[in-house]
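Enquirer: Just a sequence and a predicted model for now, questions to come.
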Amino acid sequence: MSSDERKYRFTVISATLNNIAPSTHRKPLKAILWINDSLCLETQRSPDLHWNESTTMVSQTTLKNASIKCDLSARSHSFFSSKKIKLGRAEISWSSLEAEMNRQQGDRIELDLSLTNNNSKVVGSLRLSVSSHPSGLSASPPVSPQEASSFIYSPLAPTGLTACQRLVNTLYNLKKSIRNMSKIHGVACVAWSIVDTVAKAPPFQSVMDDHRAVELLVALDTCYDFSEYVRQPDHRKTEQLASRIIEILRQTIEGVLFINECLNNPKHAKTELYPAFLKRANLLKRSEAEYWVASDVLTTYKAARGDFVTIADVPAIRSISVRGRSSTMSYLSSCLPETRSGILEDICAWLATSTGRICLVRGAAGSGKTAIALTIADLFRSQERLAAQIFLAKDTPSPSSPEYLIRHLAYHLTELYDRYACSVAAAIRANPDVYQESLAAQFNKLLVKPLSELRLESEGPLIIVIDGLDQCGTVESRKPLLSVLRDQIDLLPPVFRFLITTRNTAPDVAANIGSNPQKIVIRDLESDPNADRDIAALFDRALSAIRNSRRGEHLGLSWPGDQRSRDLVRRAERSFVWAWTVCKVLDMETVDPDAWISTVLERDALHGHAAIDDLYGQVAELLGGDQKEERVAEFQATFGVLLCAEEAMNLRVAGDLIARTSDVSLFKTSRRFEFAMTDTWSETLHLHPSFCDVFTNRDRCVDPCWYIDTPSHRYQQTVTILDYLPGEIQRILSTPHHFAALDDSDGAFFNYANCYWIDYVTKCPPDQTLRTKVLYFILYGFADWFAVADNDSRRRIGLLIGWFEQPCPRESPFSPLVTAAMLTVVHAYLELEKALPGDIQIRQIARNLARVRIDPCGVSESDMETLLEVERRFIFPRAVTEDSNQKVIRETPQRSTGLIATHDRDEKDFEEAETDEVVVSEEEKIFKKCVERVVDVQKQLEDAVAGLEDDAAGDEYQAWELAMSQASAMKLRQNVTGTFMRDVKRVGESTMQLSEEDILHMYQEAMRIGADDEI
């Protein structure tokens, strides 16, 4: 048999990195397998670098010279990723692989391939298994009923109802039989619940007589013929068995949902897919051990993503994304295996089969809402039916604000369907200011209209998970959002179902979105009868790990004993956060575990949030010890910064700001107080919501010295940011490669301060000190900041208006004349922002051009001519006229699809253009008028401040004027202006000298390497 007639299964087994033990590796990594640069397999992320995930491909003559590459990466393969993080690559040619197979004369080999980085240095190794088999081999027969135990296989059932009920029974027996394989148990429970719910629906009870559906149900049922391996598992094949069972369960869910769709929606159902589903089920029936890992992708009736996104769409799609949005939820914990089974079965079955819209899950703080939401999101992601997941939290107030929720949804959906991405990109290009419109208008323009064009009637359920809606702003600020969800959610295609979690202390959420009982179902975690059992499982898992890690401390094999374990469960009172915090402290190296349990159990039992308040008080007292004063200072300095953050800070940003406001080491304090962190190994520091609640509330904080006064901490940090930012903007922009300068150790903090300084300022009282520092910023670097800030940061300028309009404290007066002048400057910049051209790419060049005109320090006459040329050819295309009657001789080509337009004229055209009048568009007139307005009001502000000789603001201005008169300061300003001028010239040269093909090639190369500055 020739090699062309054989299939090859590639299994990515594991990897190792030099000098890094897998158990200590911080970030979960994934392996990405390529053949001739075509993506063939992308594994799940694994923290211990073990995957055992497979794909199958057929050897063909055209692949004889192909190369097989496997990347070890921390990020998914995505067209929209700004950079692709690759830690190493292993590579082998197809011909070498087949030669090795022939040499060993076996059907399966394992290869240890070297992982090399971009500098060809070996950084580790990757284990790859390759097995071959004839592509035409038929499936093996199932095992006999005597061997099958609880998994009964019989000939084809006479009716669909009988076949479906047999499948229900099979799944029920399976979930009862595999508790020793916890990786599978949750999927089996959900599969049984969905199939059981579908089987009880009227379509299955009455009209289930389609022979194709019956055949598919029986084929799926026979896939579960592996009871002998469950009863007597071969530990060498446990991973293969688990992978096979999970693949079968996933396909069972999708197959039953497909049959349900065909019965309920025969007009739009894709009944032509029955053969594909049946083929997939027959593939999964193979019982040979080497074929247990299913190689083919999940067969689904949901449309594929597609490949229609163009380069022109990318800037608009990127503009949807919100800074601080978590791209991964690795810092969150999902439900432990074999816990919350009843809740998960109930919710997943409702989401998959109901015609409703919203499943609202309510519970107290720490009752496990986020773990449930994350587990359900993971389950539906594996089914390729997760449309979006949004996790809102108190430690990310800016990205969790109500104004961004619709944008979060839109951005996730662009990754689901390319057709939607193109449609929403066109809507944004047509109206770049859509983000400033009301939430109702955004919902309609970014979601309803683009989705209505996709025809999703037969796509099946698509799940949107929104966790922590009560953490989304305040009761008052989220009213418009809740109104939109209540009134307009039915405008979305019916395939979308929402899972929303909220605390039961936020009644406004349920009162608003739960007003239509026909479209919403509410699940209350307080009524979960298995909560104590699940908390016992949490304690059992944690205490077992502590016993194993501290064997030298003589804890004993039965520590802490059955009675004390039961006492801990009883004291938890259904609060998972209470149990999690106790276990977190037990795991700290500086804590005596036996003494800590005794301390916890000796306290009087409390109820509700008083229990968690008291527990946090005990933890603080324990960690304070004999050095309480020093520990309190470290605690205040560290968490004062983290609790005032506008987004979850990474280690570099938090460490930098803490170092600028104190002499505390973040590394030491984060390890010492790790009980407050949701994940101590994450690069981003996330705080548990209950921790935020307790230590920022004076009434709930047991010991007042640990209370964190966030207003005073925020004020101190605002002063620090305003002292740092103006000069740093000038320093960075004065460097030849200013974007590269952001990658140094200070770049992360600069980006954070550059984005959120307005948020910090406007949340503080407008006293004389802050107003003076803001005044200095407006005079010194506001024009530079306006040119380089991102879109969302500039939209916050309007917040300064309300802050300036607040009265100054009586004890800290500020000149009303200067305040009015600053208000005028802010209004002028807002008008300039509105006057920018509509095209997203052109707006940035227009801002650079405006910055040069506002402060033309060191700009020559030739530079001014370049500005005019760029305006004429690129920013504001003009029409050339022959006389005063505005008769058009030739129009400048329009910008097409958002790409840089070229203006290809012959010499005759230029000669005519030089002698004709040029019509200035109304758009250009408004833009130039706004630029002139900024220059005028800026000068008025300088004059107003210069006249206040005895005022503190006047002294500040005089110091600034003296500094700016220095030769070095003048040189710095010239360098900054030169930076913006170079960007303008680069665009001018592109539009005047390069062809459209050249520009397109440059743009594609910039996209490939993730160079946003080049884009």
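Expert: Perfect, thanks for sending it.
Enquirer: C-alpha from now on. contacts and neighbour counts both.
Expert: Noted.
Enquirer: and the host helix or strand of Ile248, what other elements does it pack with?
Expert: Following DSSP states H and E, one finds Ile248 within helix 238-264. Helix 238-264 sits against strand 50-58, helix 182-199, helix 202-206, helix 211-222, helix 274-284, with contacts defined as 3 or more CA pairs under 8 Å, 6 or more residues apart in numbering; DSSP states H and E.
Enquirer: Going by mean pLDDT, which of the ones you listed comes out lowest?
Expert: With a mean of 68, helix 202-206 has the lowest mean pLDDT of the helices and strands packed on helix 238-264.
Enquirer: which residues touch stretch 523-531?
Expert: 340, 342-343, 359-364, 367, 574 (CA atoms under 8 Å, 6 or more residues apart in numbering).
Enquirer: picking that back up, ok, which of the helices and strands packed on helix 238-264 comes nearest Arg672?
Expert: strand 50-58 (30.7 Å; CA to CA).
Enquirer: before we move on, back to that, possible to save the helices and strands packed on helix 238-264 as TSV with distance to Val818 and mean neighbour count?
Expert: Below are the helices and strands packed on helix 238-264 laid out as TSV (distance: least, CA to CA, whole Å; neighbours: other CA atoms under 10 Å):
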stretch	distance to Val818	mean neighbour count
strand 50-58	64	19
helix 182-199	64	22
helix 202-206	74	14
helix 211-222	76	22
helix 274-284	73	19
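Enquirer: Could you dump those into CSV with distance to Glu861 added?
Expert: Output for the helices and strands packed on helix 238-264, formatted as CSV (distance: least, CA to CA, whole Å):
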stretch, distance to Glu861
strand 50-58, 63
helix 182-199, 71
helix 202-206, 79
helix 211-222, 77
helix 274-284, 69
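Enquirer: shouldn't Leu72 be in contact with Gly88?
Expert: Yes: between Leu72 and Gly88 a contact is recorded at 5.3 Å, counting by CA atoms under 8 Å.
Enquirer: for this structure, where's the lowest mean pLDDT among helices and strands?
Expert: helix 145-148 (a mean of 32; mean pLDDT, DSSP states H and E).
Enquirer: now the helix or strand that that one is followed by, how far from the chain's geometric center?
Expert: Downstream of helix 145-148, the next assigned helix or strand under DSSP H and E is helix 160-177. Helix 160-177 sits 37 Å away from the centroid of its parent chain (CA atoms, centre = their mean, to the nearest Å).
Enquirer: Report all helices and strands that helix 160-177 contacts.
Expert: Counting contacts by 3+ CA pairs under 8 Å, 6+ apart, helix 160-177 is packed against helix 182-199, helix 202-206, helix 211-222.
Enquirer: Out of these, flag the one nearest Thr735.
Expert: Comparing the helices and strands packed on helix 160-177 by CA to CA, helix 182-199 comes nearest, at 53.1 Å.
Enquirer: Show me the contact partners of that closest one.
Expert: With CA under 8 Å, 6+ apart as the criterion, helix 182-199 contacts 161, 164-165, 167-168, 171-172, 174-175, 178-179, 204-205, 242, 245-246, 249-250, 252-253, 256-257, 260, 337-338, 341, 344-346, 348-349, 352-353, 379.
Enquirer: mind showing which ranges of the stretch 1-150 of the chain have poor pLDDT?
Expert: Counting by pLDDT under 70, the ranges of the stretch 1-150 of the chain that qualify are 1-7, 19-27, 36-39, 56-64, 75-85, 106, 133-150.
Enquirer: can you pull out the strands in it?
Expert: Using DSSP state E, counting those that start in this stretch, the strands of the stretch 1-150 of the chain run over residues 6-17, 30-35, 38-42, 50-58, 67-73, 86-93, 108-116, 122-134.
Enquirer: Just name the most buried of the ones you listed.
Expert: strand 30-35 (a mean of 23; mean count of other CA atoms under 10 Å).
Enquirer: Direction included, what does that one pair against?
Expert: Sheet pairing of strand 30-35 (DSSP bridges) gives strand 38-42 (antiparallel), strand 67-73 (antiparallel).
Enquirer: any chance of those in CSV, plus distance to Pro704?
Expert: Converted to CSV, the strands paired with strand 30-35 look like this (distance: least, CA to CA, whole Å):
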stretch, distance to Pro704
strand 38-42, 51
strand 67-73, 46
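Enquirer: Tell me where the stretch 801-950 of the chain has strands.
Expert: 879-881, 888-891, 917-919.
Enquirer: Least confident of the ones you listed, on average?
Expert: strand 888-891 (a mean of 35).
Enquirer: which stretches of the stretch 801-950 of the chain have low pLDDT?
Expert: In the stretch 801-950 of the chain (pLDDT under 70), the answer is 877-919, 949-950.
Enquirer: can you pull out the helices in it?
Expert: Ranges of helices within the stretch 801-950 of the chain are 816-835, 840-854, 861-870, 907-915, 922-946, based on DSSP state H, counting those that start in this stretch.
Enquirer: So which of the ones you listed is nearest Arg45?
Expert: helix 840-854 (34.8 Å).
Enquirer: Which residues does the closest one contact?
Expert: Residues contacting helix 840-854 (CA under 8 Å, 6+ apart): 315-316, 429, 432, 783-784, 786-787, 836-837, 859, 867, 874-875, 898-899, 931-932, 934-935, 977, 980-981, 983-984, 987.
Enquirer: change it to 6 Å
Expert: 787, 836-837, 935, 980 (CA atoms under 6 Å, 6 or more residues apart in numbering).
Enquirer: Take those residues and lay them out in CSV including neighbour count and distance to Ser132.
Expert: Below are the contacts of helix 840-854 laid out as CSV (neighbours: other CA atoms under 10 Å; distance: CA to CA, whole Å):
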residue, neighbour count, distance to Ser132
Ala787, 20, 59
Leu836, 23, 61
Pro837, 20, 59
Val935, 16, 73
Phe980, 22, 59
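Enquirer: ok, so of these, who is nearest Ala545?
Expert: Ala787 (53.5 Å).
Enquirer: Nearest residue to that closest one in space, please, no chain neighbours.
Expert: Arg847 (5.2 Å; CA to CA, 6 or more residues apart in numbering).
Enquirer: again with Ala213
Expert: Residue nearest to Ala213 in three dimensions, not counting chain neighbours: Ile259, with 6.3 Å by CA to CA, 6+ apart.
Enquirer: I'd like the distance from the one you found to Cys223, if you could.
Expert: To Cys223, Ile259 is 17 Å away according to CA to CA, to the nearest Å.
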